[in-house]
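In: Structure here, sequence nowhere to be found:
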């Protein structure tokens with residue numbers, strides 16, 4: 001790593017024009033600057049860097065390292081913060097609560113009392129800030145007066161779901177084992193094929209948690225990360241449940257199918273309006289995986305080819321040229337999950 005403007009003398013002295021020209025030429029070889037252009041740059045552009053105390057740096061870090069998660073993030077919103085504290089899966093660096101005022105609503109006071117009691121019981125670090133400072137900490141985010149500086153959450157990577165015996169099943173990791181949440185029903189999972197919108201992911205996680213879905217799986221690549229936005233939209237469900245991921249959804253579905261899991265793909269339909277969501281009469285005594293596609297493209301062809309059955313939600317449109325021809329994936333997930341659980 002090096003700095004182009006390492007010394008103020010680079011642009012304060014006319015004797016360094018040639019040196020500056022050589023540096024710029026090495027960076028932009030197709031646009032070698034003349035001495036006159038170099039002098040103009042020194043007089044007009046570089047003082048602006050000096051006034052702002054800025055430095056132009058060129059990083060030698062690899063693209064993989066640039067995608068690394070930060071050591072901490074700011075979780076916001078009452079439900080998300082409360083759920084994170086209860087789940088005890090994150091490191092808590094600091095809690096920021098908004099100072100109360102005489103105009104604070106009773107519900108907010110009740111929420112604050114519940115959270116403060118938990119904070120005191122667990123001896124968590126907390127400071128009280130005014131609304132302005134809170135807004136600056138998470139700009140344009142509906143924090144509701146509650147922010148937590150905390151370690152990020154990540155998915156648990158697995159390669160397949162194993163055979164189910166008496167409601168129990170395993171995966172490729174010996175330390176990861178599952179038990180069906182409802183012992184009277186076979187396990188039911190959701191697999192999301194490259195869902196990139198954090199709003200949709202949060203909505204699906206909230207629905208999955210509400211209906212007690214046994215597990216949620218994401219694609220490791222091209223999927224929305226488990227961010228504070230997802231946690232807020234999920235109303236804290238993301239904090240309470242383990243979200244899994246896989247390197248190859250196609251391989252995951254094929255391997256799980258070989259282990260006795262039925263794979264159901266959610267696909268669009270051109271049928272006219274009907275009374276109910278069209279879910280096939282799949283054997284509910286067998287474990288099932290519902291696969292939902294991305295917002296714009298739906299299920300990829302190679303993913304759809306792995307499905308034993310297909311589920312659809314017929315609409316009420318008779319005109320094929322209607323502008324709205326499908327449901328948001330979060331809404332579609334809610335309808336299908338409610339019918340399949």
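Out: Noted; the coordinates are in hand. All of these numbers come straight from a predicted model, not from anything done at the bench. Numbering: from 1, shown residues only.

In: switch to C-alpha atoms for all contacts and neighbour counts from now on
Out: Will do.

In: Tell me the buried residues in the helix or strand hosting residue 207?
Out: Here residue 207 sits within helix 198-210, counting by DSSP states H and E. Within helix 198-210, the residues that count as buried by 16 or more other Cα atoms under 10 Å are 198-209.

In: Would you mind putting those residues into JSON lines with pLDDT alongside?
Out: Below are the buried residues of helix 198-210 laid out as JSON lines (pLDDT from 0 to 100):
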{"residue": "198", "pLDDT": "96"}
{"residue": "199", "pLDDT": "95"}
{"residue": "200", "pLDDT": "95"}
{"residue": "201", "pLDDT": "97"}
{"residue": "202", "pLDDT": "97"}
{"residue": "203", "pLDDT": "97"}
{"residue": "204", "pLDDT": "97"}
{"residue": "205", "pLDDT": "98"}
{"residue": "206", "pLDDT": "98"}
{"residue": "207", "pLDDT": "97"}
{"residue": "208", "pLDDT": "98"}
{"residue": "209", "pLDDT": "98"}
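
In: picking up where we left off before, show residues contacting the helix or strand just after the helix holding residue 207.
Out: Once the chain leaves helix 198-210, the next helix or strand it forms, by DSSP H and E, is strand 215-219. Contact partners of strand 215-219, identified using Cα atoms under 8 Å, 6 or more residues apart in numbering, comprise 188-195, 205, 208, 242-249.

In: Direction included, what does strand 215-219 pair against?
Out: strand 188-192 (parallel), strand 243-246 (parallel) (DSSP bridges).

In: average pLDDT across the shortest one?
Out: Averaging pLDDT along strand 243-246 gives 97.

In: So the chain: which segments form each domain?
Out: Taking the TED database as the domain assignment, the ranges for the chain are 73-150, 156-271+281-313+326-340.

In: Ends of the shortest one, what's the gap?
Out: As for domain 73-150, its first-to-last residue distance stands at 6 Å under the measure Cα to Cα, to the nearest Å.

In: Counting neighbours, which of the contacts of strand 215-219 end up buried?
Out: Of the contacts of strand 215-219, these count as buried by 16+ other Cα under 10 Å: 188-195, 205, 208, 242-246, 248-249.

In: returning to what we had before: export the buried residues of helix 198-210 as CSV, with columns for distance to residue 338.
Out: Shown next, in CSV, are those (distance: Cα to Cα, whole Å):
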residue, distance to residue 338
198, 21
199, 19
200, 17
201, 17
202, 17
203, 14
204, 12
205, 13
206, 12
207, 9
208, 9
209, 12
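
In: Secondary structure element for residue 70, which one?
Out: Counting by DSSP H and E, residue 70 is found in no helix or strand.

In: Just give me the neighbour total for it.
Out: 9 (other Cα atoms under 10 Å).

In: Skipping its backbone neighbours, what lies nearest residue 249 in space?
Out: residue 219 (6.2 Å; Cα to Cα, 6 or more residues apart in numbering).
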